[in-house]
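*Asks:* just to be clear, the model below is a prediction. Sequence and coordinates:
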Amino acid sequence: MGKFDAYKIDLKGMKNDTYSCEYVLDNHFFESIDSPEVQKGKVHVALTVKKTAGLYELSFKTEGIVQVTCDRCLDDMDQPVTSTDKIKVKLGEDFSESGDIVIIPEETGEINVAWFMYEFIALSIPMKHVHAPGKCNKAMMGTLNKYLRVSADENAEEMEVEEETADDKEQVIDPRWNELKKIIDNN
């Protein structure tokens, strides 16, 4: 028995027009998928399969929490995920994915939904993963702030240089810009 056999759906052998099942995806599932985006979590997936003339519609409702790395402090953080997704499946000669339709071989008539569920979870994670304010690792934030700040003396010197260059720029303004400013002021 393979590690994802529990996620196989026998479409060809469906007795009713509707089939429902639920999955709880835990740390073992995410470790087995072996993809870098998500390594831990607990996600509940409700799957409904509706059979129509020659087409199967799989509806996934996903809710749970996954652990991702905080982009700021690099600690693990809990990220809530929710999504509602659908895929359409047809029976055909060879396996293929074209647009929103997945074609599976008619001779097997089975589809393994493990990777689809993982993709839906990964796509529902926001691009930016950051702890709530004040929740990041204090030691890491201290180190980051140390390298991001400039001292008060350096800051004062930079401000003086910026003021001098700003005064120089005002004296060297091209007169054509003044004419353009008059047009804006008239409107």
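*Replies:* Alright, I've got the coordinates.

*Asks:* middle-most residue in this structure, spatially?
*Replies:* residue 125 (3.3 Å; CA atoms, centre = their mean).

*Asks:* wait, doesn't that one sit right on residue 79?
*Replies:* Yes. Using CB atoms under 8 Å, residue 125 is in contact with residue 79, at 5.8 Å. Yep, even glycine has a C-beta here, placed from its N, CA and C like the rest.

*Asks:* tell me the helix or strand right after the lowest-mean-pLDDT helix or strand in the chain.
*Replies:* For the chain, counting by mean pLDDT, DSSP states H and E, helix 152-171 ranks last in confidence among helices and strands (a mean of 50). Downstream of helix 152-171, the first helix or strand assigned by DSSP states H and E is helix 175-186.

*Asks:* residue 95 against residue 107, yeah?
*Replies:* No. Residue 95 is beyond contact range of residue 107, at 11.0 Å (criterion: CB under 8 Å).

*Asks:* contact partners for the residue nearest to the centre of the chain?
*Replies:* Going by CB atoms under 8 Å, 6 or more residues apart in numbering, residue 125 touches 37, 38, 66, 68, 79, 81.
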